[in-house]
Structure formats: structure tokens, C-alpha cells
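> Return a 3D structure for these sequence lines:
(2 chains)
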Protein chains: 2
Amino acid sequence: VAQTATPITSRDNQWLKRFRAALAGEHEQDGVVGVEGLRLVETALHSGVGIEAMLVSDSGKRHLARLESSVSSDRISQVRVVHTTDRLFAGIADTQAPQGVAALVRPKAAAIEDLVRGTALVIVLAAVQDPGNVGTILRAAEAFGATGAVTCSAGQLGTANPFSPKVLRASAGSALRLPILRGVSSTILFPQLRMLGLKIHATIATAASAADGAPFSPRVLQPWQADWKSPVAIVIGNEGAGLPEDVLRSADALVSIPQSRTAESAGFESLNAAMAATILLYEAMRQRGA
Amino acid sequence: VAQTATPITSRDNQWLKRFRAALAGEHEQDGVVGVEGLRLVETALHSGVGIEAMLVSDSGKRHLARLESSVSSDRISQVRVVHTTDRLFAGIADTQAPQGVAALVRPKAAAIEDLVRGTALVIVLAAVQDPGNVGTILRAAEAFGATGAVTCSAGQLGTANPFSPKVLRASAGSALRLPILRGVSSTILFPQLRMLGLKIHATIATAASAADGAPFSPRVLQPWQADWKSPVAIVIGNEGAGLPEDVLRSADALVSIPQSRTAESAGFESLNAAMAATILLYEAMRQRGA
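Residues are numbered from 1 along each chain as shown, chains lettered A, B, ... in the order given. Next up, the predicted model:
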């Protein structure tokens, strides 16, 4: 492992600034994001994403041995390691009890073809704004065998950056392993997915909105009525507004997760976006026979 | 509506202290918890839980009309309303952008018989420690027609208070509507549930732990292999440790949610407790035909 000298030099200071910005989720212009904690750093080393540098505090040093034994030595020997004190690390880290290891990584840019393998299962996040929801959805996507994910905007709303520190943590590393296509609009995306043989299944939150949808589409299905065995994309909308009407109109099927009558009459708010996506991804896996 | 006079009197100050403690999730010795925000206060008024008092700020006053029109006037006229300034309310509230309405409520204490109606579906939280997970599980429980919930400890670990402000928010009010039994141990609970005709389905997190479980039980089922049409209790364990061995041994069936082979070989961490519970509750509803 190439190590820079302690105490801190002015060159190290430049690195510390980059780590601080990246771990705070600031400006990702150069395509580099910060990951923190033993588990995520290990995931990054295993996943094959580009690693610009690692930051290791005095008490984080004990983790280096574990990382060196679990990752191929070729891989880790090429990574620049910047050392710092526990106090400086705590000031840079975004978490309460930092473990003293962090990395600057360069997530792979996925093309649409990267998302489609075998019987494709693609999850499309259209204006999912809460980082916790985005992370949970990516985690469920990996668990249930999705072949890729797309983050896109819908109407005026965007989707949370899938490589922000909060999303990375909520995804438990899945954001670094799953092919993710970013920054495409649904009007361009849907025809491309269809060209690749996928059907588009759009989700609507509640039975009430299913009824609203009826005038322009009779194809509102319960999850187990929809066909998930063929190549398919699941589109999840914004937490408050759901999916815009043009997306619903252009979908091949609308899927709604029913709720118990007791819940409905009690004025129950619909399931949140992450719970809905988790259920549909599970349903796809169930139909495909694990 | 009975209103106390503004400006603040020393008697009001006593109320403000109680609201501050309750909204911070502090000491619930007297069985009173704090709920904040128009949605949750409305839920509390509708749900029939006891309401000790409402706190309304200057800018929260506009919400009173909505509450008075949506709730029976008998109900709301019996509630003491304490008025305060926006500045004081902001200091008392636990949220970033308070809406200016809060209430002190007394959740109903449920007995085990209250959880079991018709074809019972009971969710048991055994040492689920994260308030967000507890809230999400209660929300899914209500959505999918669970008849009640139990929070209990397992080993040395307890479950987060289902009436804490964080859990109430994450549950979107379901914690106030669903019958919840608290503070019972699994060794007492399971025989009682069986006496009432329920089977006990315990969850294990991963395929790996399913294999670990094999020596003492061959009954590890995938969710869709388990029978959810008969009266049943689903037991969800601690986020890190899962369920203790004595709980697994005494269950009628062990249920494991499978993951894709790709995810497994990539070192995927198992789904979190809330996602697992959501899926099993969905599976129960699916089998029962919504």
C-alpha cells in the first residue's frame, strides 16, 4: 500500500478537502463520490468501481489488514492511502461514530444495454426524492435479481442522486454493484426499453388513484395479476405526487397494491415508495421462481 | 372548543412542559404520548384514543377549523386547547417545520384478545430496535389487514416504544389505530397465541441462516410455501442478531425470504427487518385474496 507521510502535508490537505466535500454529498461534477465505513469501502473495493484514494485514521488502521486480506492485493496496492488523525477524520466524516476508513470512488456509468440481461427486470425511479427510499429500493432490486436501475426525473421533480452518501448507506452497498443509468427522461427511456423487449409496468399508489386512472386505462392490475415472467420495467413515482399522467398513459400496464378494507376506511395513507417497490420486486422474484 | 387565555399563564407553562417532554419522547410513565402535525393529530382525534390536551400555535389556528369539521363536534369540544406563540411552539416541537398543532394522547392498552379477530394475522416485533423499522412495520401491518401487533423483548434486547414520536411518524398514524400489546415476553406470548388458535411463523434473515437452522428444524419455507390463510402470527427479530434460538425452536414454521444468486455471491446483506415484514404481510394478504 502506497502511504503518504504523517504528519499532514499541504498535499494531504488537498485530499482532505476532497474527502470532506465528497462525504458531505457536495458537488459530484468530476464523477467522484465519497463512501465511508468498513463495509462500504470493502464493497467498493470488491465491486470494481474506480477508487481514487482511501482515507484512513489512526484508529482506522486496524481495518486495513482486513481489507488487504479480503481484496486482491493487486487491487489494493494500486490505491493511494491518505492517513489522518482520528480528530480530523471525525470532522470530515458524515456519521456519528466513524470507523476511520473512507474512499473516493468513481461509480461506473451504465448504458441502457448494461441494464438488460437474460429476462430483464429493470427498476425505474421517476422522481423518488427521499434518499432513504432510493437506497432501500436499490437494495431490494439487488436482493430480488433486478438486472439494473434507472434514475430519472418526472415533471419538474428529480430523483435523489443514487451515489450520495445517504443513498449509499441506505442501499447497504447495492448502489455500487447494480448497473444504474442516470439522467435520462422517461420520454426517451420508455421507447428504448421497449426496443430492448421490455414491457413497462407503472405503479399507482392506492386503490383510490387506481379508480382515478380508470378513464384512460382499464388495465389496473393487482401485483399477482401482472405478468412478471417476461422482460419488464417497474416504474416507481414521486412520494407525494405519484407518476405524472403521461407516464401512466404510456405504460403497458398499471399496477396497484391493494390495501385491507379496514385500512382504507380508517383513512390509511398509501404505502411509501420503498415499500411498494420492495413488494413488486418480490412479486417478480416469486413468479420467476426465485 | 375550551380555550385558555393568551398570554401564557403559569398553568399553561405546566402544560408546555408536559408537551415538551412528550414530543421529545421522554418518560411515558403516565401513559401519555405526544403527537405533532395536522395529520397525526387528526388521526388521534379519529382513532378514539384519549386526548388530554391540544397545543395550538398562532399559525396553527387555521388548522382548527379543518379539525372541527372533520371530527365530531362532541369529541373536539371536550378537548382542552392550550394556545401558544409560534416561537414557543417551535422550541417545543421535534420537527423542522412544525405545523403548529400537537396533542397529548393516551393510547389504548390492548389485551391479547383484542389482537385476534376473524382469521387473525398478528405481527410480533421481538427486539426490533430502530424506530423507523417499527413504524414501517406497523404501517404495513395496517395496510395488509393485520388484526394486531405485539412488541416484546428477545434475549437482552427490547423493541422501540411503538408510541414514541419517531415511530408514530414512520407509522403514518397506524400505531394509533392498530391494537398493540406491549411488554410481554415471547415465552408467555406464544402459548397464549396458540391457545387462541394461531400458528407461529418465525422469520430468519438469509438463506445462510436458513441452513444454520436446519439442524433443529427442517421446516424452513419460502414465503409462498408457508400457509397464511389460517390464523397466524409472524415473528420479526432484531436487526442485527435476528431471533434467538429458543424462539426459532418453538416456532411452528421458519420462513426465509430468498435472494437472487447474484446478490448472494456479491456478499449482499439481508433485507432489513421492515422490508422483510412488509413482504410477509403482503404475502399473507395475497394468499387471503386481498
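> Chain A: helices as residue ranges?
For chain A, applying DSSP state H gives helices covering A:10-23, A:38-47, A:61-70, A:73-77, A:86-92, A:131-143, A:165-170, A:174-177, A:186-195, A:207-213, A:245-250, A:261-265, A:273-288.
> Minimum distance to B:Arg177: which of these has it?
helix A:261-265 (8.3 Å; C-beta to C-beta). (Each C-beta comes from the backbone N, C-alpha and C, glycine too.)
> how many neighbours does the closest residue to A:Arg286 other than its chain neighbours have?
Once flanking residues are discounted, A:Arg286 sits nearest to B:Trp224: 5.5 Å by C-beta to C-beta, 6 or more residues apart in numbering or on different chains. Counted with other C-beta atoms under 10 Å in any protein chain shown, the neighbours of B:Trp224 add up to 17.
> what does the stretch 151-290 of chain A put close to chain B?
Residues of the stretch 151-290 of chain A found near chain B (C-beta under 8 Å from any C-beta of the partner chain) are A:172-174, A:177, A:222-224, A:257-263, A:266-272, A:274-275, A:278-279, A:282, A:285-286, A:290.
> Which members of the residues you listed are classed as buried?
Listed as buried from these are A:172-174, A:177, A:222-224, A:257-260, A:262-263, A:266, A:268-272, A:274-275, A:278-279, A:282, A:285-286; burial here means 16 or more other C-beta atoms under 10 Å in any protein chain shown.
> picking up where we left off before, you'd agree the residue nearest to A:Arg286 is up against B:Glu283?
Yes: in this structure B:Trp224 lies within contact range of B:Glu283 using C-beta atoms under 8 Å: 6.4 Å.
> Any regions of the stretch 151-290 of chain A where pLDDT drops low?
The stretch 151-290 of chain A contains residues with pLDDT under 70 at A:206-219, A:290.
> Point me to the residue of it nearest chain B.
A:Ser260 (3.2 Å; C-beta to the nearest C-beta).
> Can you tell me how far A:Arg39 is from B:Ile257?
21 Å (C-beta to C-beta, to the nearest Å).
> same question, A:Ser186
Distance of A:Ser186 to B:Ile257, given as C-beta to C-beta: 30 Å.
> The longest strand anywhere in chain A - what's its average pLDDT?
Using DSSP state E to define each element, chain A has its longest strand at strand A:50-57. For strand A:50-57, mean pLDDT is 92.
> I'd like the distance from A:Pro258 to B:Ala170, if you could.
22 Å.
> How about the contacts made by A:Gly91?
A:Arg20 (C-beta atoms under 8 Å, 6 or more residues apart in numbering or on different chains).
> Quick check: closest non-adjacent residue to the residue of the stretch 151-290 of chain A closest to chain B.
Of all residues not flanking A:Ser260 in the chain, B:Gly145 sits nearest, at 3.2 Å (C-beta to C-beta, 6+ apart).
> so the one you found touches A:Thr262, yeah?
Yes: counting by C-beta under 8 Å, B:Gly145 does reach A:Thr262; the two are 6.3 Å apart.
> Okay, now the sheet partners of the longest strand of chain A, with direction.
Strand pairing for strand A:50-57, using DSSP bridges, gives strand A:80-84 (parallel), strand A:101-106 (antiparallel).
> Would you mind finding the most buried of those?
Stretch with highest mean neighbour count among these: strand A:101-106 (a mean of 26; mean count of other C-beta atoms under 10 Å in any protein chain shown).
> Report the rounded mean pLDDT for that one.
The average pLDDT within strand A:101-106 is 93.
> Quick one: distance of it to the chain centre.
Computed by C-alpha atoms, centre = their mean, to the nearest Å, the chain-centroid distance of strand A:101-106 equals 17 Å.
> what does that strand contact?
Contacts for strand A:101-106 (C-beta under 8 Å, 6+ apart): A:18-19, A:22-23, A:31-38, A:40-41, A:44-45, A:49-57, A:60, A:63-64, A:67, A:79, A:89, A:92-93, A:176.
> of the residues you listed, buried ones?
Using 16+ other C-beta under 10 Å, the buried members of the contacts of strand A:101-106 are A:18-19, A:22-23, A:32-38, A:40-41, A:44-45, A:49, A:51-57, A:60, A:63-64, A:67, A:79, A:89, A:92-93, A:176.
> my guess is A:Pro131 meets A:Val167, correct?
Yes: counting by C-beta under 8 Å, A:Val167 is a contact partner of A:Pro131 at 4.6 Å.
> how many neighbours does A:Gln14 have?
Neighbours around A:Gln14, by other C-beta under 10 Å: 11.
> Next: A:Ala111.
Count around A:Ala111 with other C-beta under 10 Å applied: 11.
> Now it: closest residue in space that isn't a chain neighbour?
The shortest distance from A:Ala111 to any non-neighbouring residue, by C-beta to C-beta, 6+ apart, is to A:Leu181 (7.0 Å).
> Okay, and the beta partners of that neighbour?
A:Val150.
> now it: how far from A:Val220?
Separation of A:Leu181 from A:Val220 (C-beta to C-beta): 28 Å.
> try A:Leu243
A:Leu243 is 13 Å from A:Val220, where distance means C-beta to C-beta.
> Need the residues touching each of these two.
Residues within reach of A:Leu243 and of A:Val220 at once, by C-beta under 8 Å, 6+ apart, are A:Ile204.
> Those two: who's more crowded?
Relative neighbour count places A:Leu243 above the other of A:Leu243 and A:Val220, with 26 against 20, counting by other C-beta under 10 Å.
> show me what contacts that one?
By C-beta under 8 Å, 6+ apart, the residues touching A:Leu243 are A:126, A:154, A:202-204, A:235, A:237.
> ok, these vs B:Pro191, which is closest?
Of these, the one sitting nearest to B:Pro191 (C-beta to C-beta) turns out to be A:Thr203, at 41.5 Å.
> pretty sure the closest one is touching A:Ala226, no?
No: using C-beta under 8 Å, A:Thr203 is not in contact with A:Ala226; the gap is 10.2 Å.
> between these two, which one's more packed in?
Between A:Thr203 and A:Ala226, A:Thr203 has the larger neighbour count (other C-beta under 10 Å), namely 25 against 22.
> ok, what's across the strand from the more buried one?
Note on A:Thr203: beta-bridge partners A:Val255, judged by DSSP bridges.
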